[in-house]
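# prediction below, plus the sequence it came from.
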Number of protein chains: 2
Amino acid sequence: MHSLIIGGAGFIGSNLTDYLLNEGNKVTIIDNLSRGSTNNLNYYLKNNNLNFINRDVSNLQNCKLAFLDASRDISIDEVWHLAANSDIPAGVSNPDIDLKDTFLTTFNILICMKELSIKIINFASSSAIYGDFKDVIINEDIGPLLPISNYGAMKLASEAQISAASESFLQRANIFRFPNVVGVPATHGVILDFVQKLKRNINKLEVLGDGSQCKSYLHVSDLIDAMFVIRKKPSNSKIMLVNIGPLDMGVNVKWIAEQVVSKISPNAKIIYGIGNKGWVGDVPKFNYSTNKLQSFGWAPKLNSKDAILLSINQIINENQ
Amino acid sequence: MHSLIIGGAGFIGSNLTDYLLNEGNKVTIIDNLSRGSTNNLNYYLKNNNLNFINRDVSNLQNCKLAFLDASRDISIDEVWHLAANSDIPAGVSNPDIDLKDTFLTTFNILICMKELSIKIINFASSSAIYGDFKDVIINEDIGPLLPISNYGAMKLASEAQISAASESFLQRANIFRFPNVVGVPATHGVILDFVQKLKRNINKLEVLGDGSQCKSYLHVSDLIDAMFVIRKKPSNSKIMLVNIGPLDMGVNVKWIAEQVVSKISPNAKIIYGIGNKGWVGDVPKFNYSTNKLQSFGWAPKLNSKDAILLSINQIINENQ
């Protein structure tokens, strides 16, 4: 099988590349290296089954050239679309970022897939499409969908465009609604933020918000395991739309801050901000149902706490 | 109050202009006249309370210039965003049309509203955002939202972007999920299509699909009445998202074809196609709940049948 990963040089993409190569696939990556890095792929670039193309698919012409290049020798069987803005606050202050990197990437990829008759897409959507449901349990059938960040809005726009394409030419669209994912190579996120802050000032850690924000976290290894289970699940529907996440209700930011501090600088003072939102567009609390995914027989190996603890160690090692 | 209507020269926009002027508002219309026409506004262009600006807001620079022009003398209190592609099949074959006319219009309008601190938007969304729920009753809280046309996808994308903007700067967003709307000045739709076909050939009427597609229809006068009720409804939420539609379950295409034929050419032969979809992206059956809107005390004056019958007369008159 020839798998094309858009955004394959990023955090999740580079992990996915590893898994797909291990499955015995030929893998082509398209990445503009704006957030990803070939450093994440150094080991694999020596693998004959891996091909890397440096292009920005948010530009249609570049996207077309990249797809032609990717399918020159062997036609593409499936697309994994992981390319997106990953800096949600940046997208809130400048909506162009998510329009371009989170949505137009999807829009252009679908045009190229139609032209080349590629009929399977695996799409990294996000729990951010749900917006703020407060204490309500969020399953896949809940509505209305009122995202509170431009990132969430453009992920929902991408889902919608994929849905319309499923009516017209796609055979199968796996839409994965990602939770907060942790692990390495970390490019953003709360743990990396804390580690870097403590590197700059060993004596204090300033936390956005009052630390009460509670979120669940999944380790990237479990995320990929879940995506593979969903991808192989037979279905009568062209669209397989599934929440991915741990089974627990998550941990709060205070606990994460304390764990990072205890590992790096146990005497550092943790200074909290005000309010239960870290930034505009942040969802403070989140009850994410993964019943559908569990019904497929999947369970994560690590709960939120264990995923965070493992990732703290991995990120500290990576940043030494 | 100074109301700005984007797409105010179109079918619904020109009717809305009438109502807003009658409310005593100052009205500015921005329209690129690609589907609308100043013919729809001839009467009102002599009204001192009406200002018309010919620009295409799918281009950000033009959108900014139009907003500056519109707010030069009197600041804008509310925006009505009715600009969109209205030819759904055209958008299915070329997704650029709905990207540009249905979504980027919304995206650019929100940028301009933020810059000018305009905090109220009234948005013409669509039942097309729901996709095909078969016999399930569609209320505002249903999910997942899997539109089957690019038009529906880009309306959902617009809702999502408005939702994110509500988190950041909007005070009130009224999102109206429109049903099929009939009346004059008709620019598209099944009645106009049938009338024009019979004008070209008085002996036969070819119908897309087998005629069994059942949809509900609302007359434009009832639509505007509903929007005004929703717009004036106090709410704790910044986003007021409401299905608008008649109370009945609708009529099928066969019945509409027979009514048009009986009015224009009683001996014409009606020739049906195959299948219960008129075109890719068409939703064959539709159970649309308007319970929320009814709870506000609203009821339409015309049911689907009466709305169709009135519109047939209006469209025939208009096309004579």
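Alright, I've got the coordinates.
# in contact with the closest residue to chain B within the stretch 151-300 of chain A, which residues?
Residue nearest to chain B within the stretch 151-300 of chain A: residue A:157 (3.3 Å; CB to the nearest CB). C-betas here are computed from N, CA, C, even on glycine. Going by CB atoms under 8 Å, 6 or more residues apart in numbering or on different chains, residue A:157 touches A:103, A:106, B:103, B:153, B:154, B:156, B:157, B:160, B:161.
# ok but it is inside a helix, no?
Yes: the assignment for residue A:157 is a helix, going by DSSP: H, G, I helix; E, B strand; the rest coil.
# from residue A:105, how far off is it?
Using CB to CB, to the nearest Å, one obtains 11 Å as the distance from residue A:157 to residue A:105.
# what does residue A:31 give?
The spacing between residue A:31 and residue A:105, counted by CB to CB, is 11 Å.
# any residues in contact with both of these two?
Contact criterion CB under 8 Å, 6+ apart; residues shared by residue A:31 and residue A:105: A:6, A:7, A:83.
# just the ones in strands from these, please.
The members of the shared contacts of residue A:31 and residue A:105 that map onto strands under DSSP state E are residue A:6.
# ok, back up a step: pLDDT score for the residue of the stretch 151-300 of chain A closest to chain B?
According to the prediction, residue A:157 has pLDDT 98.
# which non-adjacent residue is nearest it?
Distances taken as CB to CB, 6 or more residues apart in numbering or on different chains place residue B:157 nearest to residue A:157, at 3.3 Å, with adjacent residues excluded.
# for residue A:12, see how far away the one you found is.
Residue B:157 sits 23 Å away from residue A:12, going by CB to CB.
# now swap in residue A:219 and tell me
To residue A:12, residue A:219 is 11 Å away according to CB to CB.
# for residue A:320, which three-state class applies?
When classified by three-state DSSP, residue A:320 comes out as coil.
# then residue A:57?
Per three-state DSSP, the secondary structure class of residue A:57 is coil.
# that one against residue A:83, yeah?
Yes: using CB atoms under 8 Å, residue A:57 is in contact with residue A:83, at 6.3 Å.
# where do the contact lists of these two overlap?
Common neighbours of residue A:57 and residue A:83 (CB under 8 Å, 6+ apart) are A:6, A:30, A:32, A:105.
# specify which member of those is nearest to chain B.
residue A:105 (12.9 Å).
# quick one: secondary structure of the closest one?
What three-state DSSP gives for residue A:105 is helix.
# surely it and residue A:30 touch.
No: at 9.8 Å, residue A:105 and residue A:30 do not qualify as touching, with contact defined as CB under 8 Å.
# anything in contact with each of these two?
A:6, A:7, A:57, A:83.
# excluding residues flanking it in the chain, which one is nearest the last one?
Right, the one you point to is residue A:83. Distances taken as CB to CB, 6+ apart put residue A:7 closest to residue A:83, at 3.3 Å, once the chain neighbours are dropped.
# check the burial of that neighbour by counting its neighbours.
Using other CB atoms under 10 Å in any protein chain shown, residue A:7 has 27 other residues around it.
# residues contacting it?
Neighbour list for residue A:7: A:13, A:30, A:31, A:36, A:81, A:82, A:83, A:84, A:105, A:124 [criterion: CB under 8 Å, 6+ apart].
# pLDDT-wise, what's the bottom of the residues you listed?
Minimum pLDDT across those falls on residue A:36, with 90.
# how about that residue: what's its closest non-neighbour residue?
Of all residues not flanking residue A:36 in the chain, residue A:9 sits nearest, at 3.1 Å (CB to CB, 6+ apart).
# give me phi/psi at that neighbour?
Per-residue torsions, residue A:9: phi -100, psi 10 (degrees, to the nearest 10).
# wait, it touches residue A:27, no?
No: at 11.7 Å, residue A:9 does not count as touching residue A:27 under the criterion of CB under 8 Å.
# first to last residue in stretch A:196-213, what's the distance?
End-to-end distance for stretch A:196-213: 20 Å, by CA to CA, to the nearest Å.
# residue A:125 is in contact with residue A:175, isn't it?
Yes: between residue A:125 and residue A:175 there is a contact under CB under 8 Å: 5.1 Å.
# identify the contacts common to the two.
A:159, A:241.
# for residue A:2, grab the count of nearby residues.
Counted with other CB under 10 Å, residue A:2 comes out at 19.
# just list whatever residues bridge to it.
Judged by DSSP bridges, the bridge partners of residue A:2 are residue A:26.
# show me the contacts for it.
Contacts of residue A:2 (CB under 8 Å, 6+ apart): A:25, A:26, A:27, A:28, A:74, A:75, A:76, A:77, A:78.
# next one: residue A:172
A:119, A:120, A:121, A:235, A:238, A:239, A:240.
# same check on residue A:150?
By CB under 8 Å, 6+ apart, the residues touching residue A:150 are A:91, A:92, A:95, A:97, A:98, A:99, A:102, A:281, B:161, B:164.
# switch the cut-off to 7 Å
Residue A:150 is in contact with A:91, A:92, A:95, A:98, B:164, counting by CB atoms under 7 Å, 6 or more residues apart in numbering or on different chains.
# before we move on, what about residue A:125?
By CB under 7 Å, 6+ apart, the residues touching residue A:125 are A:155, A:158, A:159, A:175, A:176, A:177, A:178.
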